[in-house]
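**Student:** okay, structure incoming, though there's no sequence with it:
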């Protein structure tokens, strides 16, 4: 029925006569206006349309000329609007992760494999026990420079605790904070352990190397900058890896390339330090070493530094493999948890345990265990103090003269070659 609202502009009313059908009952949130009590009901669709009628919001044909199209049904996108946002009320429909907001992290596993809660508990307990011994030994022997190793084992303990917590939170709430802490601590702890091992070998070199051997030609390194040289060579690739991880998106090609270059450079730095430490221990077998160092069995500490260098080198090789496995979730390394424990966690724990058994403070003199190694004072003291001699085994000679030959006889030439038995088996 057409009712003129003005003398010149005709209008058309879509409201039927009489009471409204059930399908056009007023909906919530839309109130009738004072001018037309039924206008709110005319634009709201609740339930189904009457039998034989076209559903509202999806008419069979175009609307009459001059009549604007009505709004679509609740939850349906408007015509011509691609990818319209879902309605404010109601449940978000399920679909591809990210299509209707942030993905549900409870269904995303950053480990790729299924992590073992029991193994995480065992790992956290082992690292905590080792850290307790390190703290006790550091204060007992006042090995203040070795606090780097103590910090390393503490960070590894925090890493394992965070790993244990992340296994629960990822399953229950989807929170990734503990997993991020686990990853960060798992990278910082081994780096501090490597630098602590470098500092230990530097102190061993200055303690046992004779004055005439303590030079660049013999050591193949500047004696006054051994720690700095190897620490810088190791730290620069470590910083490059951090930049590649933090300054770029996770799968950015530039960031991945920087991380790969850092991993390779760090491997060669650790390889060089391992060769340097092994060469020193083999070369020092021919030296005349101070008696106090021999009494302390300094070679046990020296070979500990070599073993730790070898373990960190092997660990860096598998770190490169682990980096490549992140790009291929279907790889063997990424699919099996025991690969992480064998190649990363257990070698690192052995490093800490070796220094629990052969703690540097039990071997090194007190002047070598401070925060800073005072090289000038140590070098001056070594030059002023005569290097003690180590007398070899007595020279066996003829029976009638006894077992030993005196120094006086050797100086006067009395102990001739004919009187001295074959002593090659008695010399060192």
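**Tutor:** That came in fine, so what should we check first? If you're wondering where the values come from, they're calculated on a predicted model, not measured in any experiment.

**Student:** only C-alpha atoms for contact and neighbour calcs from this point on.
**Tutor:** Will do.

**Student:** tell me where the stretch 101-250 of the chain is predicted with low confidence.
**Tutor:** Within the stretch 101-250 of the chain, the stretches with pLDDT under 70 are 101-108.

**Student:** can you map out the helices along it?
**Tutor:** 117-141, 147-172, 177-208, 216-219, 226-246 (DSSP state H, counting those that start in this stretch).

**Student:** out of those, which one sits most buried?
**Tutor:** Most buried of the helices of the stretch 101-250 of the chain by mean neighbour count (mean count of other Cα atoms under 10 Å) is helix 147-172; its value is a mean of 22.

**Student:** and stretch 276-291, which residues are buried?
**Tutor:** By 16 or more other Cα atoms under 10 Å, the buried positions in stretch 276-291 come out as 276-278, 280-281, 284, 289-290.

**Student:** ok so, going back, any chance of a markdown table for the helices of the stretch 101-250 of the chain, columns distance to residue 352?
**Tutor:** Listed next are the helices of the stretch 101-250 of the chain as a markdown table, based on distance: least, Cα to Cα, whole Å:
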| stretch | distance to residue 352 |
| --- | --- |
| helix 117-141 | 7 |
| helix 147-172 | 7 |
| helix 177-208 | 8 |
| helix 216-219 | 27 |
| helix 226-246 | 19 |
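
**Student:** so which of the ones you listed gets nearest residue 298?
**Tutor:** Proximity to residue 298 (Cα to Cα) singles out helix 177-208 among those, at 7.7 Å.

**Student:** mind listing what's buried in the helix or strand where residue 257 lies?
**Tutor:** With elements taken from DSSP states H and E, the one containing residue 257 is helix 253-283. Within helix 253-283, the residues that qualify as buried are 255-256, 258-260, 262-263, 265-267, 269-274, 276-278, 280-281, counting by 16+ other Cα under 10 Å.

**Student:** what's the helix or strand for the nearest residue to residue 277 once chain neighbours are set aside?
**Tutor:** Of all residues not flanking residue 277 in the chain, residue 306 sits nearest, at 5.7 Å (Cα to Cα, 6 or more residues apart in numbering). Following DSSP H and E, one finds residue 306 within helix 298-326.

**Student:** check residue 371 too.
**Tutor:** Assigned by DSSP H and E, residue 371 belongs to no helix or strand.

**Student:** which ones are touching the residue nearest to it when sequence neighbours are not counted?
**Tutor:** Ranked by Cα to Cα, 6+ apart and with sequence neighbours excluded, the top spatial neighbour of residue 371 is residue 145, at 4.4 Å. With contacts defined as Cα atoms under 8 Å, 6 or more residues apart in numbering, residue 145 is in contact with 196, 199, 369-372.

**Student:** any idea how far residue 308 is from residue 145?
**Tutor:** Applying Cα to Cα, to the nearest Å, one obtains 17 Å for the distance of residue 145 from residue 308.

**Student:** is it correct that the residue nearest to residue 277 is in contact with residue 278?
**Tutor:** Yes: here residue 306 lies in contact with residue 278, judged by Cα atoms under 8 Å, at a distance of 6.0 Å.

**Student:** pLDDT at residue 327, what is it?
**Tutor:** Per-residue confidence for residue 327 comes out at a pLDDT of 70.

**Student:** quick one, phi psi at it?
**Tutor:** In this entry, residue 327 is assigned phi and psi values of phi -80, psi -10 (degrees, to the nearest 10).

**Student:** count the neighbours of it for me.
**Tutor:** Here the neighbour count serves as a burial measure; for residue 327 (other Cα atoms under 10 Å) it reads 12.

**Student:** please apply the same query to residue 212.
**Tutor:** Look at residue 212: counted by other Cα under 10 Å, it has 7 neighbours.

**Student:** for it, give me its contacts.
**Tutor:** Neighbouring residues of residue 212 by Cα under 8 Å, 6+ apart: there are none.

**Student:** give me the domain ranges for this structure.
**Tutor:** With automatic domain parsing serving as the domain definition, the record reports that the chain contains domains spanning 105-384, 392-428.

**Student:** how near is the residue nearest to residue 277 to residue 275?
**Tutor:** Residue 306 sits 9 Å away from residue 275, going by Cα to Cα.

**Student:** re earlier: and the angle from the helix holding residue 306 to helix 253-283?
**Tutor:** Orientation note: helix 298-326 sits at an angle of 160 degrees relative to helix 253-283 (axes from the mean of the first three to the mean of the last three Cα atoms, to 10 degrees).

**Student:** buried residues in helix 298-326?
**Tutor:** Buried residues in helix 298-326, counting neighbours by 16+ other Cα under 10 Å, are found at 298-299, 301-316, 318-320, 322, 324-326.

**Student:** excluding chain neighbours, what is closest to residue 308?
**Tutor:** In this structure, residue 308 finds its nearest non-sequential neighbour in residue 351, 5.6 Å apart by Cα to Cα, 6+ apart.

**Student:** report all helices and strands that the host helix or strand of that neighbour contacts.
**Tutor:** Assigned by DSSP H and E, residue 351 belongs to helix 346-357. Using 3 or more Cα pairs under 8 Å, 6 or more residues apart in numbering; DSSP states H and E as the contact definition, the elements that helix 346-357 packs against are helix 117-141, helix 298-326.

**Student:** any chance of the ones you listed in CSV, with distance to residue 235 too?
**Tutor:** Formatted as CSV, the entries for the helices and strands packed on helix 346-357 read as follows, by distance: least, Cα to Cα, whole Å:
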stretch, distance to residue 235
helix 117-141, 24
helix 298-326, 14
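
**Student:** so for residue 209, which of these sits nearest?
**Tutor:** Minimum separation from residue 209 across these (Cα to Cα) falls at helix 298-326, 11.6 Å.

**Student:** distance check, residue 223 against residue 379.
**Tutor:** Using Cα to Cα, residue 223 is found at 11 Å from residue 379.

**Student:** now swap in residue 125 and tell me
**Tutor:** Plainly put, residue 125 is 43 Å away from residue 379 if you go by Cα to Cα.

**Student:** then residue 354?
**Tutor:** Going from residue 354 to residue 379 by Cα to Cα gives 30 Å.

**Student:** repeat for residue 249
**Tutor:** 50 Å.

**Student:** next one: residue 208
**Tutor:** Distance, residue 208 to residue 379, using Cα to Cα: 12 Å.

**Student:** ditto for residue 222
**Tutor:** When Cα to Cα is applied, the distance between residue 222 and residue 379 equals 14 Å.

**Student:** what sits against the residue nearest to residue 277?
**Tutor:** Taking Cα under 8 Å, 6+ apart as the contact definition, residue 306 lies against 274, 277-278.
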